[in-house]
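*Asks:* what's the 3D shape of this:
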Amino acid sequence: MKGYRRSLWAILLLGLLGAAMPVVAQTASVAAPVIAAPPKVAPGDPLLCWLSIDRQVMKATATLKDASGRKLALADSFYMPPRGEGFLYGFLVPVPVKASPGPANLTISLSAEDGGSEYEVEILIETKNFLREDIPLDKANTALRTQPDPAKTAETKAFAAIFQARDPTAIFATGSMVKPLAVSWRETAGFADERRYLYHGGGSDSILHGGIDLGAKEGSEVLACAAGRVVFAGLRIVTGNTIVVEHLPGLFSIYMHLSSIGVAEGEEVGKGRIIGRVGSTGLSTGPHLHWELRIGSIAVNPYYWLSQPFLAPPSR
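*Replies:* Now for the predicted structure:
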């Protein structure tokens with residue numbers, strides 16, 4: 001039944017694409033492949049593009065390069081079920097936070113077995129500024145962040161492996177996304193903020209914040225922002241009680257520092273399902289939800305899909 005619902009969503013989506021997909025790049029042939037992509041993106045945003053083609057493709061990749069030819073990001077395709085003739089493949093490309101503004105080239109490449117063809121469009125990367133903040137840490141949190149710990153290192157490696165295990169059939173989230181908290185919150189840290197940790201006793205270290213921190217009352221319900229499958233649910237040293245949900249092939253949402261976990265690995269969850277509760281476990285200075293979206297291992301702006309459907313055709 002769940003597979004049927006996903007197929008139905010895909011059929012409805014393809015109907016929209018057939019009517020609204022903008023032709024951004026194609027050759028003179030009527031049967032030539034068509035690329036649909038947004039004309040511009042901001043650093044840290046996900047870039048969703050489509051390849052419509054008259055034959056099945058075994059492997060296709062999308063590569064984003066800046067004007068100098070330096071590779072910024074790479075994404076493999078995922079397949080959408082056909083509606084009528086032709087085949088449709090999607091690509092989720094994470095635009096790096098540090099990407100320089102200006103023109104960039106998006107190239108979709110087919111493998112040699114599929115003809116070895118390439119199709120290219122130009123994308124404009126807009127200018128976007130991110131905040132900086134200092135975070136003083138007490139003695140316990142300083143030790144948690146700085147002291148060598150084989151268990152913490154093992155957890156880091158295992159966690160990284162989760163985001164490499166992309167399921168090409170994981171098409172769960174086709175509609176809009178909801179906020180991960182039903183209660184009011186105070187945003188205490190934004191996406192891609194440069195965070196400088198000020199250590200107890202002296203010293204500091206800087207990182208880019210991968211998600212947003214939502215300060216809320218401890219025990220507040222945490223909601224799945226979209227339908228998906230739970231690929232991790234457990235306690236980690238630094239992030240505390242943590243949940244990871246895969247929504248689309250290689251697209252994950254992450255919920256950290258929870259006081260409790262209400263789902264199990266392998267479980268499918270619907271949009272808005274209660275999956276845990278706000279807490280302050282792990283490296284935390286107070287009750288909050290760290291909410292993050294990743295394409296593969298790259299964090300992208302969590303707010304992006306709050307204003308539009310996950311698989312909407314891009315506009316021109």
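*Asks:* give the residue farthest from the middle of this structure.
*Replies:* If you look at how far each residue of the chain sits from its centre, by CA atoms, centre = their mean, the farthest one is Gly201, at 36.5 Å.
*Asks:* ok, that residue - contacts?
*Replies:* Applying CB atoms under 8 Å, 6 or more residues apart in numbering to Gly201 gives the contacts Lys139, Thr142. Bear in mind the C-beta positions are built from the backbone N, C-alpha and C, glycine included.
*Asks:* quick one: pLDDT of it?
*Replies:* Among the per-residue scores, Gly201 holds a pLDDT of 85.
*Asks:* what segments of the stretch 101-250 of the chain are strands?
*Replies:* For the stretch 101-250 of the chain, the strands identified by DSSP state E, counting those that start in this stretch occupy 102-110, 118-125, 132-136, 186-189, 194-198, 204-208, 212-215, 221-223, 228-236, 240-248, in order along the chain.
*Asks:* and stretch 262-278, what's buried?
*Replies:* Using 16 or more other CB atoms under 10 Å as the burial criterion, the residues of stretch 262-278 that qualify are Gly262, Val263, Val269, Lys271, Gly272, Arg273, Ile275, Gly276, Arg277, Val278.
*Asks:* same check on stretch 55-69?
*Replies:* Using 16+ other CB under 10 Å as the burial criterion, the residues of stretch 55-69 that qualify are Val57, Ala60, Thr61, Ala62, Thr63, Leu64, Lys65, Asp66.
*Asks:* is the fourth one in contact with Phe78, as I believe?
*Replies:* If I follow you right, that is Ala62. No - in this structure, Ala62 sits apart from Phe78 without contact. The criterion is CB atoms under 8 Å, and the distance is 11.0 Å.
*Asks:* and for the two, which residues touch both?
*Replies:* When CB under 8 Å, 6+ apart defines a contact, the residues bordering Ala62 and Phe78 alike are Phe91.
*Asks:* residue ranges in the stretch 51-200 of the chain under the pLDDT threshold?
*Replies:* 81-84 (pLDDT under 70).
*Asks:* could you dump the buried residues of stretch 262-278 into CSV and include pLDDT, distance to Val238 and secondary structure?
*Replies:* Compiled in CSV, the buried residues of stretch 262-278 are given as follows (pLDDT from 0 to 100; distance: CB to CB, whole Å; DSSP: H, G, I helix; E, B strand; the rest coil):
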residue, pLDDT, distance to Val238, secondary structure
Gly262, 98, 21, coil
Val263, 98, 21, coil
Val269, 97, 24, strand
Lys271, 95, 28, coil
Gly272, 96, 28, coil
Arg273, 97, 26, coil
Ile275, 98, 20, strand
Gly276, 98, 17, strand
Arg277, 98, 19, strand
Val278, 98, 17, coil
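*Asks:* I'd like those residues as JSON lines, with distance to Phe87 appended.
*Replies:* Formatted as JSON lines, those follow (distance: CB to CB, whole Å):
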{"residue": "Gly262", "distance to Phe87": "39"}
{"residue": "Val263", "distance to Phe87": "34"}
{"residue": "Val269", "distance to Phe87": "29"}
{"residue": "Lys271", "distance to Phe87": "28"}
{"residue": "Gly272", "distance to Phe87": "32"}
{"residue": "Arg273", "distance to Phe87": "32"}
{"residue": "Ile275", "distance to Phe87": "34"}
{"residue": "Gly276", "distance to Phe87": "38"}
{"residue": "Arg277", "distance to Phe87": "43"}
{"residue": "Val278", "distance to Phe87": "43"}
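*Asks:* of these, which is the nearest to Val222?
*Replies:* The closest of the buried residues of stretch 262-278 to Val222 turns out to be Gly276 (CB to CB; 4.4 Å).
*Asks:* ok, the closest one - contacts?
*Replies:* By CB under 8 Å, 6+ apart, the residues touching Gly276 are Val222, Asn241, Ile243, Tyr255, Leu258, Ser259, Ser260, Ile261, Gly262, Val263.
*Asks:* and what of Thr242?
*Replies:* Shown here is Thr242, whose contacts under the criterion CB under 8 Å, 6+ apart are Phe232, Ala233, Gly234, Leu235, Arg236, Ile254, Tyr255, Met256, His257, Leu258, Gly282.
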